[in-house]
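Asks: can you look at this prediction? I've put the sequence above it.
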Amino acid sequence: MNSVTLFLILFFIAGITDVADGYIARKFKMVTALGARIDSVADIFFHIVLLLLLFLNYRWVFTENAALFVAILVIKFLSIIVSKMKFCKIIFLHTLANKLTGFLVFVAVPTVMLVENNSFLPALLYIALLTALEELLILIKEKEVNENRKSLFIK
């Protein structure tokens, strides 16, 4: 078994367990603030490892889309600063757009690795950019934050 195959197996297991844990927690009414926080931290760690892997092995993904990656990272960093200053803690929202973006990343990674096709990456990155902007606007706009807010337009 080569390293790409092993990675993709582990990647799919991580994705399935990420979806399953939230589903199981909601179904059995075991949702907790700590569980949601752990899920957010795990998602961040997962995305950092993923970005590092892509950067080291598929650098063209970054070089061809550098401006979008930088814009997304700057907005995400601003969201962290706003949430820390305004609510005294770092907040990650579970919006519908964040969930959609996570799903699209989950589909995109194997496509990049197996097909080395990037024709859809700019569209994915623009969606991620809009998602990051929505999260920042919610954090700026709201006096009290609901981490499970659906979107800027739906509470």
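Replies: Nice, I can see it.

Asks: tell me the pLDDT of the residue at minimal distance from the centre of the chain.
Replies: For the chain, residue 102 is the residue whose C-alpha lies nearest the centre (C-alpha atoms, centre = their mean; 4.8 Å). According to the prediction, residue 102 has pLDDT 89.

Asks: how far does the helix or strand hosting it sit from its chain's centre?
Replies: Assigned by DSSP states H and E, residue 102 belongs to helix 96-115. The chain centroid and the centroid of helix 96-115 are separated by 9 Å under C-alpha atoms, centre = their mean, to the nearest Å.

Asks: list the contacts of the closest residue to residue 120 other than its chain neighbours.
Replies: Excluding the flanking residues, the one nearest residue 120 by C-beta to C-beta, 6 or more residues apart in numbering is residue 108, at 6.9 Å. Every C-beta, even on glycine, is put in place using the N, C-alpha and C of the backbone. By C-beta atoms under 8 Å, 6 or more residues apart in numbering, the contact set of residue 108 is 120-121, 124.
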